[in-house]
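Novice: the sequence and its predicted three-dimensional model are supplied below.
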Amino acid sequence: MPQYRYAKMKNVYFIPSVNALILWLENESLIDFLDPNDHRKTIEGYPAPKRAVILANK
């Protein structure tokens, strides 16, 4: 595992494989991590994450 970053991305230490993502997504989804009484927050009370897809070509 890289010590500080992966592919010049701060706070990214690895990119999961497709199989790892499938296993993760089969068990839980974003809704499982949101406060059931306020979907603007996580179950820990932090602001809910934003979903984004960004495709870039050089």
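Specialist: Thanks, I have the structure now.

Novice: quick one: low-confidence residue ranges for this structure.
Specialist: 1-3 (pLDDT under 70).

Novice: where exactly do the strands run in the protein?
Specialist: Applying DSSP state E to the chain gives strands spanning 5-6, 9-10, 34-35, 38-42.

Novice: wait, what's in contact with the residue positioned nearest the centre of the chain?
Specialist: When Cα atoms, centre = their mean is applied to the chain, the residue found nearest the centroid is Pro49 (8.2 Å). Neighbour list for Pro49: 30, 42 [criterion: Cβ atoms under 8 Å, 6 or more residues apart in numbering]. Quick note: C-beta positions are derived from backbone N, CA and C, even for glycine.

Novice: state the distance from it to Leu34.
Specialist: Separation of Pro49 from Leu34 (Cβ to Cβ, to the nearest Å): 9 Å.

Novice: near Phe33, how many other residues are there?
Specialist: Other residues near Phe33 come to 13 when the count uses other Cβ atoms under 10 Å.
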